[in-house]
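>>> Give me the fold of what follows.
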Amino acid sequence: MSWVALFFAGLFEIGWAIGLKYTDGFTKLMPSLATLVAMTVSIVLLALALKTLPLGTAYAIWTGIGTVGTALLGIVLFGEPSDALRLGCIGLIVAGIVGLKLLSSH
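Sure thing, here's the model as predicted:
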């Protein structure tokens, strides 16, 4: 169950990171509220996952999910660069996430 909580914590991290772009420096009410809710849910789910998962592993995977998802959505939503080197680096992060999960004993 901790892995499921960690996965969704990562998804909510993507949500709040993307949400920050829409808050306009927290000057727009609805995007700001949605971003704050996503932040809260993400942290709470991470805390639940940390009850049984190692801190370093869980934190690295949480931030990795957030990083990969945010980078990919930045490409799709905001027209950020999608050259091969950038995508390759994102792939290395995914490899790190998978490697940490496979090496975890939980």
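
>>> phi, psi of the residue sitting furthest away from the middle of the chain?
In the chain, the greatest distance from the average C-alpha position (Cα atoms, centre = their mean) is reached by residue 27, at 23.4 Å. In terms of degrees, to the nearest 10, the main-chain angles of residue 27 are phi -100, psi -10.

>>> which residue sits closest to the most centrally placed residue in the chain, ignoring its sequence neighbours?
Centroid check for the chain by Cα atoms, centre = their mean gives residue 66 as the closest residue, at 1.6 Å. Leaving aside its sequence neighbours, residue 66 sits nearest to residue 13 (Cβ to Cβ, 6 or more residues apart in numbering; 3.4 Å). Yep, even glycine has a C-beta here, placed from its N, CA and C like the rest.

>>> any idea how far that neighbour lies from residue 59?
11 Å (Cβ to Cβ, to the nearest Å).

>>> This protein: helices as residue ranges?
2-23, 29-49, 55-78, 84-103 (DSSP state H).

>>> if I look at the residue farthest from the centre of the chain, how far off is residue 20?
Distance, residue 27 to residue 20, using Cβ to Cβ: 12 Å.

>>> What ranges in the chain fall below the confidence cut-off?
Applying pLDDT under 70 to the chain flags residues 105-106.

>>> sorry, back to before: what's the burial count for the residue nearest to residue 66?
Neighbourhood size, residue 13 [other Cβ atoms under 10 Å]: 25.

>>> Check whether it really touches residue 68, as I assumed.
No: using Cβ atoms under 8 Å, residue 13 is not in contact with residue 68, being 10.4 Å away.
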